[in-house]
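A.B. asks: sequence and predicted model, in that order:
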Amino acid sequence: MGMVCFLPGWSLISDTMASARISACLVDISSCMMAHQLKLNPSKTELLVIPGDPSPAQDLAISLNNSLISPSATARNLGVTMDNQLSFSSHVTNVTRSCWFLLYNIRRIRPFLPTQATQVLVQSLVISRLDYCYSLLAGLSLNAIRPLQMIQNAAARLVFNLPKFSHTTPLLRSLHWLLVAAQIRFKTLMLAYKAKNRPAPSYLKALVTLCTAPRSLRSTSTARLVPPSLREKDRYTSRPFSVLAPRLWNELPLGIHTAESLTIFKWQLKPYRFLKHLN
């Protein structure tokens, strides 16, 4: 079970007060779990402090059932390794390591597998790991996600049983696999569509705003999203969903903007991203 606690105005809250508030919250959670025949394990509880702005290290520690929990550089939640700078470098490293191990094992039995069976195996064990929580990597540099792209390239070569330095663009095109960077944008745009058309949670819908015109114009049917102000960009950089989603959404052609359903949107979006990145 994961818990996220936001403390706005950190500079106005002492470390002691913050520790007391988080500890009290954990005590309430522990009591609730005990009432349902469950137990919160202090030894597996991790504390990750993510400052909103660059700030000096906080001397923060919390107590739970007479156990002292100190901040750690990384914490794992729902299979994703998060760090205190939200760079996700540790997550990329962990995913890369596990995928290389899987590719190594599949390669050992590759001589006994037909191409189609190999593709199914690779997509089930390797590509599914790459795809998991891709939206969290939105806005990262190409250099940061390069290890994931190397995994995808190696997986494509393995499917077709080709040497290490074979050109991968025709292989990816044949497999209908989006590049890692394109797939991350694809996932972000999927969330943007859901937020814009209201099948998304309220906290996600609150992050995007539709453009409105003072009078009805044909151009208003594009349903563009309000881009963030320059001030907001400077403060939060370009990685938050509220900044990245409008920028990517407003780059889409009109026909994709006005898709009537999520299924149609996906059907139109993937070929667009595919052609844009692989050509």
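C.D. replies: It's in. Please read these numbers as outputs of a predicted model, since none were measured by experiment.
A.B. asks: quick one: contacts for the residue nearest to Leu48 when sequence neighbours are not counted?
C.D. replies: Closest residue to Leu48 apart from its sequence neighbours, by CB to CB, 6 or more residues apart in numbering: Ala75 at 3.9 Å. No exception for glycine: its C-beta is placed from N, CA and C like everyone else's. By CB atoms under 8 Å, 6 or more residues apart in numbering, the residues touching Ala75 are Glu46, Leu47, Leu48, Thr81, Met82.
A.B. asks: tell me which element Ala75 is part of?
C.D. replies: Per DSSP states H and E: Ala75 is located in strand 74-77.
A.B. asks: tell me the strands beside that strand, with direction?
C.D. replies: Using DSSP bridges, the strands paired with strand 74-77 are strand 80-83 (antiparallel).
A.B. asks: mind listing what's buried in stretch 248-255?
C.D. replies: Trp249, Asn250, Leu252 (16 or more other CB atoms under 10 Å).
A.B. asks: let me know the closest of those to Pro227.
C.D. replies: Asn250 (6.7 Å; CB to CB).
A.B. asks: thought the closest one was touching Pro227?
C.D. replies: Yes. Counting by CB atoms under 8 Å, Asn250 touches Pro227, with 6.7 Å between them.
A.B. asks: can you map out the helices along the stretch 101-250 of the chain?
C.D. replies: Secondary structure of the stretch 101-250 of the chain (DSSP state H, counting those that start in this stretch): helices located at 115-122, 128-131, 142-160, 169-175, 180-196, 202-205, 230-236, 241-250.
A.B. asks: quick one: the first one to chain centroid distance?
C.D. replies: In terms of CA atoms, centre = their mean, to the nearest Å, the gap separating the centre of helix 115-122 from the centre of its chain is 26 Å.
A.B. asks: could you do the last one as well?
C.D. replies: Relative to the mean C-alpha coordinate of its chain, helix 241-250 is positioned 15 Å out (CA atoms, centre = their mean).
A.B. asks: then the third one?
C.D. replies: Centroid displacement of helix 142-160 relative to its chain, using CA atoms, centre = their mean, is 18 Å.
A.B. asks: tell me which residue is most central in this protein.
C.D. replies: For the chain, the residue sitting closest to the mean C-alpha position, by CA atoms, centre = their mean, is Leu136 at 1.7 Å.
A.B. asks: so that residue is in contact with Leu78, correct?
C.D. replies: No. In this structure Leu136 lies outside contact range of Leu78 using CB under 8 Å: 10.4 Å.
A.B. asks: on that earlier part again, looking at the helices of the stretch 101-250 of the chain, which has the lowest confidence?
C.D. replies: Ranked by mean pLDDT, those end with helix 230-236 in last place, scoring a mean of 52.
A.B. asks: would you turn the buried residues of stretch 248-255 into a markdown table with distance to Tyr272?
C.D. replies: A markdown table is the format used below for the buried residues of stretch 248-255 (distance: CB to CB, whole Å):
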| residue | distance to Tyr272 |
| --- | --- |
| Trp249 | 13 |
| Asn250 | 14 |
| Leu252 | 7 |
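A.B. asks: among these, which one lies nearest to Leu191?
C.D. replies: For these, the nearest to Leu191 is Trp249 (10.1 Å; CB to CB).
A.B. asks: show me what contacts the closest one?
C.D. replies: Leu189, Ala192, Lys196, Val208, Arg224, Leu225, His257.
A.B. asks: so among these, which ones count as buried?
C.D. replies: For the contacts of Trp249, buried by 16+ other CB under 10 Å: Leu189, Ala192, Lys196, Val208, Arg224, Leu225, His257.
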